[in-house]
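Asker: here is my input; please provide its structure:
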Amino acid sequence: MEDKILLWHDRKSAATSTGEDDFQPFIELSLLENISAPAGAVIVLPGGGYRARAFHERMPVAQKFNELGFHAVVLQYRVAPYTWPAPQQDV
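Answerer: Model prediction:
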């Protein structure tokens, strides 16, 4: 099961001259179905040095954890042009 849930109710401004840089952080759920006792849950934060979020570290990693019996939550957090503390606030 995959669902998206907005992290914040309002769009977070990147404080640049264009609204195109604004991003609304969200989480993607990759929950196991028809399982009575999952092994646990993990939060996946796709890396990229705060410049980007690595696509290959997103749902493929969550699905691997699903195969191992874990629920997974992928955090799509703010990256460049946002700076500290925006990514940490999202986490």
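
Asker: now for the lowest-mean-pLDDT helix or strand in the chain, which elements pack on it?
Answerer: Lowest on mean pLDDT, DSSP states H and E among the helices and strands of the chain sits strand 2-6, with a mean of 77. Where contact means 3 or more C-beta pairs under 8 Å, 6 or more residues apart in numbering; DSSP states H and E, strand 2-6 is packed against strand 26-30. All C-beta spots, glycine's among them, are computed from the backbone N, C-alpha and C.

Asker: what's next to the strand it packs on, contact-wise?
Answerer: 1-7, 58-59, 62-63, 65-66, 71-76 (C-beta atoms under 8 Å, 6 or more residues apart in numbering).

Asker: among the residues you listed, name the buried ones.
Answerer: With neighbours counted by 16 or more other C-beta atoms under 10 Å, the contacts of strand 26-30 contain buried members at Leu7, Arg58, Met59, Ala62, Phe65, Asn66, His71, Ala72, Val73, Val74, Leu75, Gln76.

Asker: what pairs with the longest strand anywhere in the chain, parallel or antiparallel?
Answerer: Under DSSP state E, the strand in the chain containing the largest number of residues is strand 70-76. Sheet pairing of strand 70-76 (DSSP bridges) gives strand 26-30 (antiparallel), strand 40-44 (parallel).

Asker: what's the closest of these to Gln88?
Answerer: With C-beta to C-beta as the criterion, Gln88 lies closest to strand 40-44 of those, at 13.8 Å.

Asker: okay, that closest one in PDB with CA atoms only?
Answerer: Output in PDB follows, covering the C-alpha atoms of strand 40-44 (Å, rounded to 0.1, in the frame of the first residue of the first chain):
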ATOM      1  CA  GLY A  40       8.800  -2.900  12.900                       C
ATOM      2  CA  ALA A  41       8.900   0.300  10.900                       C
ATOM      3  CA  VAL A  42      11.700   2.300   9.300                       C
ATOM      4  CA  ILE A  43      11.900   5.900   8.000                       C
ATOM      5  CA  VAL A  44      13.800   6.200   4.700                       C
END
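
Asker: which residues does it contact?
Answerer: Glu57, Arg58, Val61, Ala62, Phe65, Phe70, His71, Ala72, Val73, Val74, Leu75.
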